[in-house]
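> test case, fold it:
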Amino acid sequence: METRLVYLENQYQKECDSTASWFEFTDLVIDQTVFYPTSDGQPNDRGKVIIDGREYVIVDTWSDGDNIHLMSHDTFPDDTKGKKVHQVLDWDVRYMHMRFRTALKVISGLAYSMFGATTRINQTYDDQAWFDFEKDEISNDDVVSLFQEVNKVLSADRETSFRYIPRDEFIKDADMMKICKGRVPDLQNIRIMDLEGVPSQMEFGTNVAKTGEVGKVDYKTTLIKGKIGRRINITLSME
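Next comes the predicted model:
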């Protein structure tokens, strides 16, 4: 039985009850979870689980394709399978990841609509993120205009929404295929993120409900042989 992904059903749910379906030493699989696994540039959630009144700190979360694994500092007891497991997120960490994730999706969509360019979201940390702006020639004006539009969308406090469409339907959408560079997971249904003013995109990460929660995106570019490099670092600030 696959782990139910509660974090996609309610991105703001901070706790949930579950049942241990498998474990080995410090590795625990549960039937449903609020913990997001490391995936597509978004870091794993952290937090704790409580079993029989004892707390176990969760330091890593990963997916094997079917099930979500919660990794603890401590070894789980021999009788853990079938036990009730209460999960609690480190919400400050998750919420920061959500803010960065939404910022990066806005950047990705606008890079495509404004320049026909794609981006590669490579890594988000707790306090910063970076992406590759995959455009042949990048000028300072390009970067300035991109982030002006990004911050305009964010400050408008627009709602994000999500839906699922059949994989075949997704593949027929030329724009969404270009934005994801044709890399479509082998799933029956594809999750889509919709946001006014930004092209719709495939999205299996966790995001904030309204763009105003992201704050303002600040950026830093690097020069390579006198030209602006593709890699751009971003940080977030609340004004």
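> how about the closest residue to residue 55 other than its chain neighbours, what does it touch?
Distances taken as Cβ to Cβ, 6 or more residues apart in numbering put residue 48 closest to residue 55, at 5.1 Å, once the chain neighbours are dropped. Just so you know, the C-beta spots here come from the backbone N, C-alpha and C atoms, and that holds for glycine as well. Counting by Cβ atoms under 8 Å, 6 or more residues apart in numbering, residue 48 touches 55-58, 87-88, 90.
> try 10 Å
With contact taken as Cβ atoms under 10 Å, 6 or more residues apart in numbering, residue 48 is in contact with 55-59, 70, 72, 86-90.
> same thing with residue 125?
43, 96-97, 100, 235.
> list the buried ones in stretch 135-142?
By 16 or more other Cβ atoms under 10 Å, the buried positions in stretch 135-142 come out as 135, 138, 142.
> what's the separation between the first one and residue 7?
Looking back up the chat, that one is residue 135. 32 Å (Cβ to Cβ, to the nearest Å).
> helix/strand/coil for residue 110?
Classification of residue 110 by DSSP: H, G, I helix; E, B strand; the rest coil places it in helix.
> would you mind writing the CA trace of stretch 36-55 as PDB?
The C-alpha trace of stretch 36-55 is given here as PDB (Å, rounded to 0.1, in the frame of the first residue of the first chain):
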ATOM      1  CA  TYR A  36       7.600  16.100   2.400                       C
ATOM      2  CA  PRO A  37      10.500  14.000   1.000                       C
ATOM      3  CA  THR A  38      13.500  15.500  -0.800                       C
ATOM      4  CA  SER A  39      12.300  16.000  -4.400                       C
ATOM      5  CA  ASP A  40      12.700  18.300  -7.400                       C
ATOM      6  CA  GLY A  41      14.900  20.800  -5.600                       C
ATOM      7  CA  GLN A  42      12.700  21.000  -2.500                       C
ATOM      8  CA  PRO A  43      14.400  19.800   0.700                       C
ATOM      9  CA  ASN A  44      12.900  17.200   3.000                       C
ATOM     10  CA  ASP A  45      10.700  18.200   6.000                       C
ATOM     11  CA  ARG A  46      12.000  17.700   9.500                       C
ATOM     12  CA  GLY A  47      10.200  17.400  12.800                       C
ATOM     13  CA  LYS A  48       9.300  14.500  15.100                       C
ATOM     14  CA  VAL A  49       7.000  11.500  15.500                       C
ATOM     15  CA  ILE A  50       5.500  10.200  18.800                       C
ATOM     16  CA  ILE A  51       5.100   6.500  19.400                       C
ATOM     17  CA  ASP A  52       3.700   5.200  22.700                       C
ATOM     18  CA  GLY A  53       4.500   8.600  24.200                       C
ATOM     19  CA  ARG A  54       8.200   8.600  23.100                       C
ATOM     20  CA  GLU A  55       9.400  11.300  20.700                       C
END
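> buried ones in that stretch?
Within stretch 36-55, the residues scored as buried using 16+ other Cβ under 10 Å are 36-37, 41-49, 51.
> least confident of those residues?
pLDDT across these is lowest for residue 41, at 88.
> that residue is in contact with residue 131, isn't it?
Yes - Residue 41 is within contact range of residue 131, at 8.1 Å (criterion: Cβ atoms under 10 Å).
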